[in-house]
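[1] need a 3D model of the following:
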Amino acid sequence: MDECIEYGHFEGDGIVSKEHNAITITLTEKKTMQQFIIPISEMKANTVANAIISVLKNQRVPIKTLTVDNGWEFTEHELITKELGCGVYFARPYCSTDKALVENHNRLIRNFVPKGTDFKMIPDEYWTWIQDCLNNRPREKFGFKTPNEMAAQELASWCN
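    This next block holds a predicted model:
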């Protein structure tokens, strides 16, 4: 995995529910590995874009890039660019290594929500709990600090 030297570069992906009736968007910040899990019950690209914008606008540091795949859920990428002022880039088709970090995090999420699960049956609080579990999991890469600790450290450096 390439080392990212500055905060604000994200990878995004969608995990689709059983029966394709809901989607969960996952965003992973590359430097801190902080994960954002966004459950979406309306299968519309505009809804996905607005949810991503809402989550990333709440970050108190600049959002520089978002790398996603070529799925329908990211077709409103121009809205994301306009609202966040960041570049949106697309992975090469069938090349999950272009956004390997978020793909790895999606596999971790599948430990909590196996394939074949109907996402409409999962309360938002459960998604938040999964996100908290992943963001508070110590990582050897960071000297056993958590992604949340790394993000707080990053935020502190921006505020100074």
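
[2] can you classify the residue nearest in space to the middle of the chain as helix, strand or coil?
    Against the mean C-alpha coordinate of the chain, by C-alpha atoms, centre = their mean, the closest residue is L27 at 0.6 Å. Secondary structure, DSSP: H, G, I helix; E, B strand; the rest coil: L27 is strand.

[3] show me what contacts it?
    Neighbouring residues of L27 by C-beta atoms under 8 Å, 6 or more residues apart in numbering: F10, E11, G12, Q35, F36, I38, I52, V55, L56, L66, V102. Where C-beta positions appear, they are placed from N, C-alpha and C, glycine not excepted.

[4] just F74 next, same as before
    F74 is in contact with G12, G14, A45, V48, A49, V68, V88, F90, counting by C-beta under 8 Å, 6+ apart.

[5] I37 touches C133, doesn't it?
    No: counting by C-beta atoms under 8 Å, I37 sits too far from C133 to count as a contact (10.2 Å).

[6] which of the two has more residues huddled nearby?
    I37 (26 against 14; other C-beta atoms under 10 Å).

[7] where are the low-confidence patches of the chain?
    1-4, 159-160 (pLDDT under 70).

[8] try it again with 50
    Within the chain, the ranges that satisfy pLDDT under 50 run 1-2.

[9] L79: which of the contacts of F74 is nearest?
    A49 (4.6 Å; C-beta to C-beta).

[10] the closest one and G116: what is the separation?
    Look at A49 and G116: by C-beta to C-beta, to the nearest Å, they are 27 Å apart.

[11] what about those two, which has more around it?
    More crowded of A49 and G116, by other C-beta under 10 Å: A49, with 23 against 8.

[12] and that one, what element?
    Element membership of A49 [criterion: DSSP states H and E] is helix 45-57.

[13] for that helix, packing partners?
    Applying 3 or more C-beta pairs under 8 Å, 6 or more residues apart in numbering; DSSP states H and E, we find helix 45-57 packed against strand 9-16, strand 23-29, strand 35-40, helix 77-84.
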